[in-house]
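**Student:** structure for the following, please:
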Amino acid sequence: MLISLLQPLGDPPPCIAVMGGGGKSLAVARIAEEAVRSYKRVLVSATAKSPFAPDVTLHLRKELPHSGIGGLFREGTPLYVMESRCDDWRWEGVAPERLERLASHADFTVFENDGARGLPLKQHDQHDPDVPPFATHCLIIVGADVIGTRVDGGKVHRPELFSERRRVPPETVITARFAAEALTSASGYQGKNPFRIPCRYFVNKGDAFPEAARELAQEIALRTDDPVAWGSLRERTMTRIGE
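**Tutor:** Numbering: from 1, shown residues only. Below you'll find the model as predicted:
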């Protein structure tokens, strides 16, 4: 599903940065599931703190063989690699320069590039990593459930900073147009994409909020030439805007 949105993949080997909120971890898992059908060495990681499903076998970078990760791919793929454990439910991400070296041994890499505490929309700050220059694609995820809520309504990660940067009071209701501007502008999500890595947008939770998801996807498409789709990662559905 998401692999089709990312096309064309081309050369060099695909390295997909996934950023945003409202389904980012599930998006990474879905992409990895699809990738193993076509690629023999699929690497999954993150550059920020991230949870992963408890049923995956996760390797810590410091415990990897000195010979590299090539042999681990023969034991199974996708291969999950993180830096260390940081609490009961999250893992510390791998530094971008280290991830780049790991990705050089893979045919396909997908990684989370930021955290949003499980919320559908966020305001990035200086601690969030930029999309690194070795990424070939950037997939931006947003949850449709943010539409119609207030900035201070519990659906935005860092609401005070979001209000300050967007120059709106905290009681402002988030419309599709307002959210689309935050997702596509240089003062919003694109501010974390300094190398202008080609982007794709996916509006998640279209199963529960179909009208909001469709409207937000349409508003995003008005502001960018990048491919945009909406649907449900849980239900594995996707509708591309313009088709």
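
**Student:** please, where are all the strands along the protein?
**Tutor:** Counting by DSSP state E, one finds strands in the chain at the ranges 15-20, 42-46, 58-60, 79-82, 84-85, 91-92, 108-112, 121-122, 137-143, 156-157, 199-204, 228-232, 237-240.

**Student:** nearest to Gln190, of these?
**Tutor:** Nearest to Gln190 among the strands of the chain is strand 199-204 (7.8 Å), distances taken as CB to CB. Every residue, glycine included, has its C-beta placed from N, CA and C.

**Student:** centre of the chain to that closest one, how far?
**Tutor:** 9 Å (CA atoms, centre = their mean, to the nearest Å).

**Student:** tell me the helices and strands packed up against that strand.
**Tutor:** Contacts defined by 3 or more CB pairs under 8 Å, 6 or more residues apart in numbering; DSSP states H and E place strand 199-204 against helix 2-6, helix 24-35, strand 137-143, helix 210-223, strand 228-232.

**Student:** how near is Ala29 to Tyr80?
**Tutor:** Separation of Ala29 from Tyr80 (CB to CB, to the nearest Å) stands at 10 Å.

**Student:** ok, Val151 next?
**Tutor:** Distance from Val151 to Tyr80, by CB to CB: 35 Å.

**Student:** more neighbours, those two?
**Tutor:** Neighbours were counted for Val151 and for Tyr80 using other CB atoms under 10 Å; Val151 has more, 23 against 20.

**Student:** the more buried one against Leu161, yeah?
**Tutor:** No - applying CB atoms under 8 Å, one finds Val151 not in contact with Leu161, separated by 10.3 Å.

**Student:** to Ala17, which of the helices and strands packed on strand 199-204 lies closest?
**Tutor:** strand 137-143 (4.9 Å).

**Student:** state the mean pLDDT of the closest one.
**Tutor:** Across strand 137-143, the average pLDDT comes to 98.

**Student:** ditto for stretch 227-243
**Tutor:** 96.

**Student:** do the same with stretch 89-109
**Tutor:** Averaged over stretch 89-109, pLDDT sits at 95.
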